[in-house]
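> Pasting the sequence and the predicted model now:
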Amino acid sequence: MKSPQYRVIVALLAMIPFSISAQVVTLSEFNQLLENNHPIFRSEALNIEINTLQRDQLQGAEDWVLSSNPGYFHQEQLPVSAFSPESVDAYSLGMGAQRVFWNTGGRLALSWTTDYTRQSGLEDIVIPNLVTIPAGPTDYYQNQIQLSYSLPLLQNFRGALDRLGYDLAEFNVALARLETQENLESFVLNSDLKFLEWVLYSEQRQIAEERLHLANQQLEQIKRKREANLVDKIDVLRAEDAVRLGEQGLVLVDAQWKALQGEIAILVQDSVLRTQSPQFNLYALVVLPSAQEAQQQLDESRILQLINTQLAMLDRQNKAYYELIRPQLFLTPQLGIKSGDEKFEDALGLEKLDYGVSLQFSIPIENRSARLRASQGEVQIRQLVYAEQDVRLQLESALDNLLIQINEFERVLELNRNHIESANLKTQEELERYNQGRSDLTFLIQSQDSAAAARLTYAQNAATYHRLVLQLQALLDQLRLDKNQISE
């Protein structure tokens with residue numbers, strides 16, 4: 001006789017697998033684990049960050065640019081006149097700052113220069129008893145500050161060419177964001193289809209377990225009837241074959257279930273899933289959008305947004321080509337202040353004023369390169385418009401296909417339920433006939449197998465129905481994506 005402690009231990013051990021199997025994971029929880037743990041979400045999000053940094057780098061074109069140009073020059077003069085020095089030494093130091101303004105396309109330049117010139121060998125010209133003509137200073141200092149602003153009035157008006165690179169990079173950021181969302185949704189769709197396959201294996205395993213349990217019960221019943229000489233030995237053998245076939249089917253589907261469970265656990269980087277089962281109402285129907293609602297959602301498809309963004313990008317680039325065809329006309333006002341003297345401190349007064357304004361005009365005679373680029377851009381735009389129309393037709397075709405299949409599968413599932421009900425009634429009738437000795441065991445086993453097959457078909461069709469629903473949600477960009485991972 002077993003002790004009470006032994007019975008408690010056995011009871012606890014029997015409860016362990018039940019408690020483990022009772023742990024479940026829903027599709028929503030699975031997607032959350034996927035987004036939290038799988039590296040593809042971080043990797044794809046970095047594409048946006050990379051393109052954003054590449055765009056922002058171009059803003060450096062508006063930064064101030066500082067320059068400096070110190071110099072020294074020595075020249076020995078030819079004696080062309082009596083006033084020519086023997087040699088000249090010139091020292092100069094200049095500093096400047098320039099900046100481009102994208103809003104106007106203008107260039108602002110500010111500079112400061114200081115020069116020191118020393119002339120050697122100069123002698124005054126003396127006319128005896130009359131006059132002495134000084135040859136000029138041997139040392140001379142000069143300082144000057146200049147400010148100029150060049151404003152384009154035709155080509156590059158309002159910085160149309162200056163900010164081209166930044167504008168194109170802005171489109172690249174938008175494209176990267178859309179491509180990232182599309183890639184992640186495709187990944188989520190494939191992962192959700194694996195989860196749905198896991199759900200189907202769970203349903204198949206449950207059906208196999210019930211079929212095996214029924215076969216074992218039937219075998220025990222037939223063995224008792226055989227001991228009472230109520231049935232032939234062949235019925236026992238047939239019942240044993242049914243049990244063995246049931247065991248084989250259960251082992252096979254259980255192996256597939258465990259293999260997919262392990263794959264999904266690795267996919268979400270969570271070993272807890274190896275102790276869990278999927279929770280999903282395989283036989284629930286989904287409320288579908290109307291054809292008009294689905295079409296409206298399709299019009300905002302990310303794939304169409306990608307093409308439209310590419311169209312806008314080509315249009316912006318093509319406008320730049322046409323901008324290059326235009327003549328160049330620059331308005332440049334200038335202002336300068338300067339001073340000079342033999343003494344350095346007296347040369348800092350900056351009392352002399354220079355100012356002026358100029359127009360610079362140039363026009364290319366043919367500019368064939370820019371014209372051909374513009375023509376090529378027009379062709380590319382037309383080509384992309386046709387591509388957008390082609391993609392739109394493909395999307396509409398896929399949408400119509402999915403809506404029809406899903407609606408028809410709802411009818412198929414209804415027929416499956418009727419088939420299961422009919423198979424169960426037939427099995428019940430065969431069981432009564434067999435127990436009354438009016439039917440062979442073979443017909444009963446066939447009927448039971450037919451009822452199990454009807455349930456398997458129902459489960460497979462239900463899984464196909466939900467696969468189509470997931471594909472429809474992906475087509476309409478409705479699969480759940482973590483907005484924290486993909487910035488808008």
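Looks like it came in fine. Numbering: from 1, shown residues only.
> neighbours of Leu53, just the number please.
By other CB atoms under 10 Å, 11 other residues sit near Leu53. Using the backbone N, CA and C atoms, a C-beta is placed for each residue, glycine as well.
> pLDDT wise, what is Leu13 at?
Looking at Leu13, its pLDDT stands at 33.
> swap in Tyr6?
As predicted, Tyr6 sits at a pLDDT of 36.
> partners of the residue lying closest to Leu66 once chain neighbours are set aside in the sheet?
Nearest residue to Leu66, sequence neighbours excluded (CB to CB, 6 or more residues apart in numbering): Ala97, at 5.4 Å. Following DSSP bridges, Ala97 is listed with bridge partners Leu66, Leu110.
> which stretch of helix or strand covers Leu151?
Per DSSP states H and E, Leu151 falls inside strand 139-152.
> just Phe73 next, same as before
In the assignment (DSSP H and E), Phe73 maps to strand 71-76.
> quick one: contacts of that strand?
Glu86, Ser87, Val88, Asp89, Ala90, Tyr91, Ser92, Leu93 (CB atoms under 8 Å, 6 or more residues apart in numbering).
> now stretch 409-427
Contacts with stretch 409-427, where a contact means CB under 8 Å, 6+ apart, come from 283, 285, 444, 447-448, 450-451, 454-455, 457-458, 461-462, 464-465, 468.
> switch to 6 Å and redo it
Identification of contacts with stretch 409-427 by CB atoms under 6 Å, 6 or more residues apart in numbering yields Ser447, Gln448, Ser450, Ala451, Ala454, Arg455, Tyr458, Asn461, Tyr465.
> Please state the offset of stretch 390-405 from the chain centre?
Averaging C-alpha positions (CA atoms, centre = their mean, to the nearest Å) puts stretch 390-405 24 Å from its chain's average.
> Would you mark the buried spots in it?
The neighbour-count check on stretch 390-405 (16 or more other CB atoms under 10 Å) flags Arg392, Leu395, Leu399, Leu402, Leu403, Gln405 as buried.
> quick one: the last one and Tyr465, what's the gap?
Okay, so that is Gln405. Per CB to CB, to the nearest Å, Gln405 is found 9 Å from Tyr465.
> now the strands for the stretch 151-300 of the chain?
277-279 (DSSP state E, counting those that start in this stretch).
> quick one on the thing from earlier: pull the contacting residues for the residue nearest to Leu66.
Taking CB under 6 Å, 6+ apart, we find Ala97 in contact with Trp64, Leu66, Leu110.
> Next, count neighbours for the second one.
A count of neighbours around Leu66, defined by other CB under 10 Å, yields 9.
> One more: the last one?
Per other CB under 10 Å, the neighbour tally for Leu110 reads 15.
> Show me how the chain divides into domains.
Structural domains annotated on the chain: 24-54+167-312+375-475, 68-101+106-155+328-362, as defined by automatic domain parsing.
> Now intersect the buried residues of stretch 390-405 with the helices, please.
The helices, defined by DSSP state H, take in Arg392, Leu395, Leu399, Leu402, Leu403, Gln405 from those.
> Let me know the helix or strand that the residue nearest to the last one when sequence neighbours are not counted is in.
Closest residue in space to Gln405, ignoring its immediate chain neighbours: Leu468 at 5.3 Å, by CB to CB, 6+ apart. Under DSSP H and E, the secondary-structure element containing Leu468 is helix 441-475.
> tell me which strands and helices that helix is in contact with?
Contacts defined by 3 or more CB pairs under 6 Å, 6 or more residues apart in numbering; DSSP states H and E place helix 441-475 against helix 164-227, helix 233-267, helix 368-435.
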